[in-house]
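structure of the sequence below:
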Amino acid sequence: MFSLSELAPLNQHQGRSKLLKPWWEVFMDYLVVLMLMTSVLACTEQLSRDRVVCIPLDPLVTNTSDHRSSSSSNAALTSSSKTATHIPRNIIPNLQSTAQGRRTHLVYQQYVYISQVCYHEALPLCSRFFPYIALLQSLVLVASGSFWLHFPHTSARIEHFLAILAKCSESPWTSQALSHAAQQENIQEKEVMEERCPPQPPPSSNSSSPPVTCTRHSSIDSGTDSPLLKRSDGASSVTPPSPCPSTLSCNSTISSISVGSRVHFPSSKPSLMVDSPTRGISLDKSDGEQARALFERVRKFRSHCESSAVIYKVYLAQTIFKLLMVTLIVSYTIPLLSSFPFTHTCHPEEQALVGYTTFECIHVLSSLLHKLLVAYLTLLGLYGLLNFYTLSWILHSSLRQYSFHSLKELCSLRDVPDLRNDLAFLLHMLDQYDPLLAQRLSVFLSPVSESRLLEESLERRWGEEKLRAMSSVDTKGCSKLQLVALPRLPPALFTLSQLQVLKLELITDARFTAQVSNMTSLRELHLYHCTAAVDPSALGVLQERLEVLHLTFTQASEIPSWVLSLRSLHELHLSGRLSSEGGVGRSWALGSLRQLRHLRVLVIRGMLQRIPGELYEIASSLVRLEIYNESTRLLVMTGLKRMFDLTELQLQDCQLERLPSALLALTNLRTLNLQHNNLRTLEELLSLAHLRRLSCLRLAYNRVLALPASVGVLRSLEVLDLSNNQIQNLTPALFTLPRLRRLLLAGNLLEELPAEVKALQLLTELDLSGNRLENMPPELFSGCLELHILNVAYNSLSSLPRGIAALNQLCKLDLRNNSLEELPAELGCCSGLHGGGLLVEDWLFLSLPPHVRDFLSHSCPPTHSEGHSRPESDSFPYFSPTQWSFSSALESQI
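Okay, here's the model as predicted:
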């Protein structure tokens, strides 16, 4: 049993499929039905009363006398019959009636038998099987008439197309978009008419003004009775402008006046004000989401249908097949018109049973079958002419290309793209039914319409108040805002005049318009996988104001071209897969960086094999260059020789095995960072003697085995980072650096610290964590009196010298994970350690005297300068006193 809910989709599909049937298809369907009824009628007649009636021609006795006697007897019988008619009625029953005609000597069963034999032997095949053949032909034509709608490879696309068309027709956004397009067209037409026809002077009071006839017809939204066009109560009717634009408004209520009605305007009102059509009735949240989902559905269906022309090919093959079928049927059916005689001569070979060899037979349905055949051929001829017209229409029309010519006249729908293949063919078929349906579908094919929908949605969901609430302040005190995974930029974003840092991530269609000029404080822009477009009017604003730009991308081709024209840019950060062929990226031509003449900082995170050649043009302004190469070996670095003004260079994760020789030309270099490489030897340090301004050298996370004596030539060095290497011994030349302030040696293989360390009198930070030290030299505490930070965690120290009390400025001391058994009470003399400056195990902290524990656990006095007593450190991060807590101190207080 089938439920009504299961049968409802079938009826709905049959009702909607007629939208794709033009007038000739509907006409052919009716013709096929008539042919089917004709063949059914012929079959019914033939099954119910089709038979032949036969009588013998030759008598049983063949001599002439018998014939004459029979003829004379027939004449006598005739005369006797004539005379018998005058016999009185009372005598007729007493007399036997004599037989009239020729005697055949056959009984009824013999007549029945010979009629059946002659039906199969004397009757032609067309008389016997024409109704059945016509019925089969009609069934074939019925099946082939709608084959393209039910073929498995086409039916799914057609059903999907009809479902999308129904959604497009019912969507409130369709009416709103068409209304907006019509209003824009009305305004343009009115402006054109006003330019052509200047306003007439007002007529005098004596003369009567002629009435204005308003004949307004809607060109966009008509009330066509279609299964997909259902008018909603909220839909507004939109009509084209009046023939007299100087007196009628594009949004006036005169559009509802019937044709031929007259409207009289007083002379005191020469014109009416035109309302702004830019704002229509906004959609609610659910309607907006449905419209956006419908845009995506139409986009996917278009890409699927335009990839092939299956429906077009099946329809063409179906038309050719029907035309061949009609030609074949007509070719063998027309000669059969003369094959339906009324009389037939039968010569059965059954003389032994009936006694006759020749019979004269008549076919009862011959006349009716002849007329039905003529009617059938007439219908078939009309059917063939329609198929020939269909084939000529297919061949002479470009059905695989579709262009919205009428819609492109509208100013708001000029961007509707041309369609091809199956989608174009379906729209051509749809135009034969109702062209307005294609206009409704075009709303969801227009990028401008989708943009307007997104703008309305963003205006509703991302208002100015919400964006201000999402703003925050970064560590530099700048106002920043981050937007993630939006379809496009909210219009309210351009009203944030106080915003300084803007971060955009995964925004598919980000566009900066002329309204960016309202963002007067914008200085820094971050684009994470966001290909942003900039209007020409907005480009000038960004060129003047933007100073810092961060770009994160996948391929170099995603870098916007307008980036290279930001002449006021100071910092540029590029993160993504970069190619060394042809420069920073294959899409960057030679000389494309010339406009970045104020660029001072360039940070590249990619996979380079050589220093990009485009950097030569900004070498005069570039101050800092950072390259993070993601474990890709940097082979060619000769481009560094031209960057004379470079003060900071970072080449991290570049798989360097030796110090680059190109560093010799960087005489102004102050900071050199070669961390995360494969450096094994530092013999080239001697060549760095020319770098008289080099104050910071970072070589952490390499494979350095020994520190050469040539390190002593770096007389201006203040920071030396050799952490996480494989150094076992320290050369005495290291302690001859007079300006060294920070020495970071964590994560090496050091077993002892030389006593020469006392020569580093300006040393403020010493990191020896993660080594193999067993004791500390007393000279460290007597010579390095400026020491603020000392990190000796994760070593094998068994005792701590008592001379530590001389380090009055020591504010951070890390003694964790050593072999200490007790702490010296002299730690109480280090006034900078109170308030949590000592990092040690709890049980070891309890070995201190109570007054020392109380002193070290208390917070620092507010009179001391926190910036002086808490310097920043890479190995020993700063924590506020409230973040340090010792359970031992709490126990002592208890």
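
buried residues in stretch 305-316, which are they?
305-306, 309-316 (16 or more other C-beta atoms under 10 Å). C-beta: built from backbone N, CA, C; applies to glycine.

which two among those are spaced furthest apart?
Farthest pair in those (C-beta to C-beta) is Glu306 and Leu316. Separation: 17.8 Å.

distance from the chain centre to the longest helix along the chain, please.
Looking across the chain with DSSP state H, the single longest helix is helix 366-396. Put simply, helix 366-396 sits 49 Å off its chain's centre (C-alpha atoms, centre = their mean, to the nearest Å).

just give the closest residue to Asp50, not the sequence neighbours.
In space, and not counting its chain neighbours, Asp50 is closest to Leu365: 5.2 Å by C-beta to C-beta, 6 or more residues apart in numbering.

ok, now Trp173?
Ala291 is the one closest to Trp173 (C-beta to C-beta, 6+ apart), at 4.1 Å.

count of neighbours near the one you found?
Counted with other C-beta atoms under 10 Å, the neighbours of Ala291 add up to 26.

how about Ser819: what's its closest non-neighbour residue?
Nearest to Ser819 is Ser798, by C-beta to C-beta, 6+ apart, at 4.8 Å.

sec struct for that neighbour, please.
coil (DSSP: H, G, I helix; E, B strand; the rest coil).

how close does it sit to Leu848?
As judged by C-beta to C-beta, to the nearest Å, Ser798 and Leu848 stand 17 Å apart.

could you pull up phi and psi at Phe342?
phi -80, psi -40 (degrees, to the nearest 10).

number of residues surrounding it?
11.

that one - nearest residue in space that isn't next to it in sequence?
Per C-beta to C-beta, 6+ apart, closest to Phe342 is Ser366, 5.0 Å.

what pLDDT does Ala42 get?
Model confidence at Ala42, given as pLDDT, is 84.

residue contacts, it?
Ala42 makes contacts with 130-131, 134-135, 368-369, 372, as judged by C-beta atoms under 8 Å, 6 or more residues apart in numbering.

to which secondary structure element is it assigned?
Using DSSP states H and E, the element containing Ala42 is helix 23-49.

okay, now the sheet partners of whatever helix or strand comes next after the longest helix of the chain, with direction.
Sequence-wise, the next helix or strand downstream of helix 366-396 (DSSP H and E) is strand 401-402. Using DSSP bridges, strand 401-402 pairs in its sheet with strand 419-420 (antiparallel).

who's more crowded, Ser798 and Leu848?
Using other C-beta under 10 Å, the more surrounded residue of Ser798 and Leu848 is Leu848, with 23 against 11.

follow-up on the earlier one: how far away is the residue nearest to Trp173 from Leu506?
22 Å.

what's the answer for Val704, then?
On the measure of C-beta to C-beta, Val704 and Leu506 end up 41 Å apart.

give me the neighbour count for Arg633.
Using other C-beta under 10 Å: Arg633 sits among 14 other residues.

my read: it touches Gln655, true?
Yes. Between Arg633 and Gln655 there is a contact at 3.9 Å, judged by C-beta atoms under 8 Å.

element containing the most centrally placed residue in the chain?
Centroid-nearest residue in the chain, with C-alpha atoms, centre = their mean: Glu296, separated by 6.3 Å. Per DSSP H and E: Glu296 is located in helix 285-305.

pLDDT of that helix, averaged?
The model assigns helix 285-305 a mean pLDDT of 83.

how far does the next helix or strand after it sit from its chain's centre?
Moving toward the C-terminus from helix 285-305, the next helix or strand (DSSP H and E) is helix 310-333. Distance, stretch centre to chain centre, for helix 310-333: 40 Å (C-alpha atoms, centre = their mean).

now swap in stretch 625-640 and tell me
37 Å.

what of stretch 727-741?
61 Å.

how long is that stretch from one end to the other?
End-to-end distance of stretch 727-741: 20 Å, with C-alpha to C-alpha, to the nearest Å as the criterion.

tell me the buried residues in it?
727, 730-731, 733-737, 740-741.

ok, back up a step: against Leu815, how distant is the residue nearest to Trp173?
From Ala291 to Leu815 the distance is 67 Å (C-beta to C-beta).

same thing with Ala181?
78 Å.

point out where the stretch 51-200 of the chain drops to low pLDDT.
Where the stretch 51-200 of the chain drops to pLDDT under 70, the residues are 58-105, 107, 122, 184-185, 188-189, 192, 195-200.

mind jotting down where the helices sit in it?
64-84, 108-121, 125-145, 147-150, 152-170, 172-196 (DSSP state H, counting those that start in this stretch).

with mean neighbour count and distance to Leu36 as added columns, please give those helices in JSON lines.
Formatted as JSON lines, the helices of the stretch 51-200 of the chain follow (neighbours: other C-beta atoms under 10 Å; distance: least, C-beta to C-beta, whole Å):
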{"stretch": "helix 64-84", "mean neighbour count": "12", "distance to Leu36": "52"}
{"stretch": "helix 108-121", "mean neighbour count": "16", "distance to Leu36": "26"}
{"stretch": "helix 125-145", "mean neighbour count": "18", "distance to Leu36": "4"}
{"stretch": "helix 147-150", "mean neighbour count": "18", "distance to Leu36": "16"}
{"stretch": "helix 152-170", "mean neighbour count": "17", "distance to Leu36": "23"}
{"stretch": "helix 172-196", "mean neighbour count": "19", "distance to Leu36": "40"}
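
export those to a markdown table and tack on distance to Ser497?
Formatted as a markdown table, the helices of the stretch 51-200 of the chain follow (distance: least, C-beta to C-beta, whole Å):
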| stretch | distance to Ser497 |
| --- | --- |
| helix 64-84 | 127 |
| helix 108-121 | 102 |
| helix 125-145 | 68 |
| helix 147-150 | 60 |
| helix 152-170 | 41 |
| helix 172-196 | 30 |
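
nearest to Arg670, of these?
Here helix 172-196 is closest among the helices of the stretch 51-200 of the chain (C-beta to C-beta), at 60.4 Å.

show me how far that closest one is from its chain's centre.
For helix 172-196, the distance to the chain centre is 30 Å (C-alpha atoms, centre = their mean).

doesn't Gln432 fall inside a helix?
Yes. Secondary structure assignment places Gln432 in a helix (three-state DSSP).

which ones are touching the closest residue to Ala510 other than its chain neighbours?
The spatially closest residue to Ala510, leaving aside those adjacent along the chain, is Ala532, at 4.1 Å (C-beta to C-beta, 6+ apart). Contacts for Ala532 (C-beta under 8 Å, 6+ apart) come out as 504, 507, 510-512, 560.

how close does Ala532 sit to Ser286?
Distance from Ala532 to Ser286, by C-beta to C-beta: 30 Å.

same question, Ser796
Taking C-beta to C-beta, one finds Ser796 at 70 Å from Ser286.

so those two - more neighbours on which side?
Of the pair Ser796 and Ser286, Ser796 is the one with more neighbours under other C-beta under 10 Å, namely 14 against 8.

that one and Met776 touch, don't they?
No. Applying C-beta under 8 Å as the test, Ser796 and Met776 come out as separate, 11.3 Å apart.

Cys346 versus Trp117, what's the distance?
Actually, residue 117 is Val. It isn't Trp. Val117 is 7 Å from Cys346, by C-beta to C-beta.

what does Ser687 give?
126 Å.

restricting to C-alpha, output stretch 329-341 in PDB.
The C-alpha trace of stretch 329-341 is given here as PDB (Å, rounded to 0.1, in the frame of the first residue of the first chain):
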ATOM      1  CA  ILE A 329       6.000   4.600 -39.700                       C
ATOM      2  CA  VAL A 330       4.800   6.800 -42.500                       C
ATOM      3  CA  SER A 331       7.000   5.000 -45.100                       C
ATOM      4  CA  TYR A 332       5.400   1.600 -44.500                       C
ATOM      5  CA  THR A 333       1.900   2.800 -43.500                       C
ATOM      6  CA  ILE A 334       0.900   5.000 -46.400                       C
ATOM      7  CA  PRO A 335       1.100   2.100 -48.900                       C
ATOM      8  CA  LEU A 336      -1.300   0.200 -46.700                       C
ATOM      9  CA  LEU A 337      -4.200   2.700 -47.300                       C
ATOM     10  CA  SER A 338      -5.200   0.700 -50.300                       C
ATOM     11  CA  SER A 339      -4.900  -2.700 -48.500                       C
ATOM     12  CA  PHE A 340      -8.300  -2.600 -46.800                       C
ATOM     13  CA  PRO A 341     -10.700  -4.000 -49.500                       C
END
